[in-house]
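> here is a sequence with its predicted model. Questions after.
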Amino acid sequence: MMLKKGFLVLILLLIALSACQAPAEEEGRPLEGEPFAIYLISDPQITSPDLKNYDLDELPLAAEPLLVTDELIGYNWELHTFDLTQEAYFKLITIFSGGLPMSGLPFAVVAYEEPIYAGAFWALFSSLSFDGVVILQPMDPAGQTMQIALGYPGAEFFTGEDPRGNPRLQQALEDAGLIRE
């Protein structure tokens, strides 16, 4: 009888201890780090068509992000368009007006310090097609909205699964209060 009682106490103690341990990532708790960022790829030898040959964790990101959460005004989750502050918009316009390679300029979208997907800034005059995610050169220089699109010159050139709907990215944008309809 004493053995059964001791065993029961041990089981209850183990249950109590396991209940006291905090889960690795509590649901609803904001994650740490910058919620949203776009980084350029730091290795000039990696071109946009090469992106599919790399795991996201293998891509060497620039030391500093090109865009961060505070530079976004809003993000339309359904259309994958985002509005930028005037300073951030001009920063991107400078990249496009500086002359992009015909094969685009590779970048990575990062949420809470985890690369979510890679893509390329793409000039509208490029004669090359691309089967990945693109941020196209804006057509309206007075606007401050950019679109993250699939494929160039159109979605029919995109191959694979659409990475833009990643739940971690959505959570990051929601945490930052940026999701707009």
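Thanks, I have it.

> which ones are touching Leu59?
Residues counted as contacts of Leu59 (C-beta atoms under 8 Å, 6 or more residues apart in numbering) are Ile41, Ile46, Leu51, Pro106, Ala108, Pro115, Ala118. The C-beta positions use only the backbone N, C-alpha and C, and glycine is treated the same way.

> can you list contacts of the helix or strand harbouring the last one?
With secondary structure defined by DSSP states H and E, Ala118 is part of strand 114-122. Applying C-beta under 8 Å, 6+ apart, the set of residues contacting strand 114-122 from outside is 41, 48, 51, 54, 56-57, 59, 61, 92, 95-96, 100, 103-110, 130, 132-137, 148, 152, 163-164, 166, 168-169.

> next secondary structure after it?
Strand 114-122 is succeeded, C-terminally, by strand 130-136 (DSSP H and E).

> pLDDT of that next one, averaged?
For strand 130-136, mean pLDDT is 97.

> any idea which helix or strand comes after that strand?
strand 145-152.

> grab the CA positions of the helix or strand just after that next one and hand them over as CSV.
Using DSSP H and E, the helix or strand that follows strand 145-152 towards the C-terminus is helix 167-175. Output of helix 167-175 as CSV, limited to C-alpha atoms (Å, rounded to 0.1, in the frame of the first residue of the first chain):
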residue,chain,number,x,y,z
PRO,A,167,1.5,32.3,-41.2
ARG,A,168,4.6,33.6,-39.4
LEU,A,169,4.7,36.6,-41.7
GLN,A,170,1.0,37.2,-41.3
GLN,A,171,1.5,37.1,-37.5
ALA,A,172,4.4,39.5,-37.7
LEU,A,173,2.4,42.0,-39.8
GLU,A,174,-0.6,41.6,-37.4
ASP,A,175,1.6,42.1,-34.4
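
> what helices or strands is helix 167-175 leaning on?
If you count contacts as 3 or more C-beta pairs under 8 Å, 6 or more residues apart in numbering; DSSP states H and E, helix 167-175 packs onto strand 105-111, strand 114-122.

> return the most buried member of those strands.
Compared across these, strand 105-111 shows the largest average neighbour count, a mean of 24 (mean count of other C-beta atoms under 10 Å).

> which residues are contacting that strand?
By C-beta under 8 Å, 6+ apart, strand 105-111 touches 34-41, 46-48, 50-51, 56, 59, 61, 65-66, 95, 115-121, 135, 148, 166, 168-169, 171-173.

> now, of those residues, which are buried?
35-41, 46-48, 51, 56, 59, 61, 65-66, 95, 115-121, 135, 148, 169, 171-173 (16 or more other C-beta atoms under 10 Å).

> spatially central residue in the chain, please.
Val109 (2.9 Å; C-alpha atoms, centre = their mean).

> fine by me, thanks again.
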